[in-house]
Structures are given as structure tokens and as C-alpha cells.
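Novice: this one's sequence-less:
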């Protein structure tokens with residue numbers, strides 16, 4: 001089966017799992033971390049008056065731990081600004097290429113007014129790909145390249 005046409009035709013919304021988790025820029029880093037834990041999510045979209053202005057990810061937090069940053073500061077001090085985002089008309093292939101080239105795991109999807117619609121995530125991309133190759137994925141042994149050290153049997 002050739003998946004290439006689908007990657008070029010299927011819109012990015014095929015990879016959404018959950019609606020975007022948005023926060024105000026004044027939320028404290030501590031409260032942002034609580035939200036990440038509660039929602040079992042790896043990212044927060046930071047908005048001002050409903051418009052996307054930044055993103056905060058678990059990678060950002062790991063970087064802050066190394067710097068021993070205070071948890072009481074507002075998230076706007078530590079978020080990634082000038083967020084690269086996709087439009088709803090972008091394809092799954094575009095998202096995969098961007099993730100691969102830039103090392104992203106979460107790419108916000110926003111409309112023409114910069115209002116968040118969703119997030120294209122690596123896990124969503126994987127679910128999308130599994131739709132095309134379910135027997136290959138679901139029938140893989142736990143350790144596909146495992147070789148035994150000893151002979152089995154008598």
C-alpha cells in the first residue's frame with residue numbers, strides 16, 4: 001500500500017486527539033505544571049485574548065530545571081514565542097516534515113486569526129500511520145529483533 005498520496009491529501013485534523021489546552025500568559029509556572037500533570041499532556045498553548053502567542057512544553061520545563069528557575073514566575077517569561085504553527089489546510093505530510101526537520105513533538109494548529117484549533121502531536125501521527133499498517137504494527141513481537149542466546153529445546 002502506498003501511503004504517499006494520503007500524506008499529501010489528508011488534512012492535519014486527522015491527527016488531533018484532544019482539543020488544545022490553552023492558558024493565559026499570566027499563569028504561574030507552578031500552575032502550568034499542575035495542568036500538564038492533570039491533563040497528562042506535554043504542552044500548553046499560551047494565548048492572549050484567544051490568540052496564540054506562545055507554547056510551553058515539557059522540554060521547556062526540563063531546560064528550566066537545569067537553570068533552577070523559580071516556579072512562581074508567569075509562564076510568559078519562559079514560553080517559546082513566535083510559535084510556528086500549521087493551518088487547518090496543511091496536510092499530515094507537512095506536519096511530519098516539520099516535526100522531522102525541526103525536532104518538534106507538538107505543533108499547534110491555528111486559524112487565520114491565530115486562534116488555536118488543535119495540536120498535531122507525534123502520538124497523533126503514529127495513530128494515523130497505524131491506520132494504514134495495522135497488521136504490521138499490531139503483530140510485532142515485543143522485541144522484534146530479539147535473538148536468543150541459548151538454544152531452546154532438548
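Specialist: That came in fine, so what should we check first? Quick caveat: nothing in here was measured; it's all calculated off a predicted structure. Residues are numbered from 1 along each chain as shown.

Novice: which residues of this protein fall in helices?
Specialist: Counting by DSSP state H, the chain has helices at residues 4-9, 29-38, 58-67, 92-102, 122-132, 134-138.

Novice: Minimum distance to residue 49: which of the ones you listed has it?
Specialist: When the helices of the chain are compared by Cβ to Cβ, helix 29-38 sits nearest residue 49, at 18.6 Å. C-betas here are computed from N, CA, C, even on glycine.

Novice: Report the inter-axis angle for the closest one versus helix 58-67.
Specialist: 140 degrees (axes from the mean of the first three to the mean of the last three Cα atoms, to 10 degrees).

Novice: Can you verify my assumption that residue 61 contacts residue 33?
Specialist: Yes: if you go by Cβ atoms under 8 Å, residue 61 and residue 33 touch, sitting 6.7 Å apart.

Novice: what's in contact with the helix or strand of the chain with the lowest mean pLDDT?
Specialist: Lowest mean confidence among the helices and strands of the chain (mean pLDDT, DSSP states H and E): helix 134-138, at a mean of 72. Applying Cβ atoms under 8 Å, 6 or more residues apart in numbering, the contact partners of helix 134-138 are residue 130.

Novice: Now with 10 Å, please.
Specialist: Residues outside helix 134-138 that contact it (Cβ atoms under 10 Å, 6 or more residues apart in numbering) are 126, 129, 130, 131.

Novice: Distance check, the residue nearest to residue 14 when sequence neighbours are not counted against residue 72.
Specialist: In space, and not counting its chain neighbours, residue 14 is closest to residue 128: 5.6 Å by Cβ to Cβ, 6 or more residues apart in numbering. Computed as Cβ to Cβ, to the nearest Å, the residue 128 to residue 72 distance reads 39 Å.

Novice: if you count what's nearby, which of those two comes out ahead?
Specialist: Ranked by neighbour count (other Cβ atoms under 10 Å), residue 128 and residue 72 place residue 128 first, with 21 against 9.

Novice: what's near enough to touch that one?
Specialist: If you count contacts by Cβ under 10 Å, 6+ apart, residue 128 has them with 3, 6, 7, 10, 12, 14, 15, 16, 92, 95, 96, 120.
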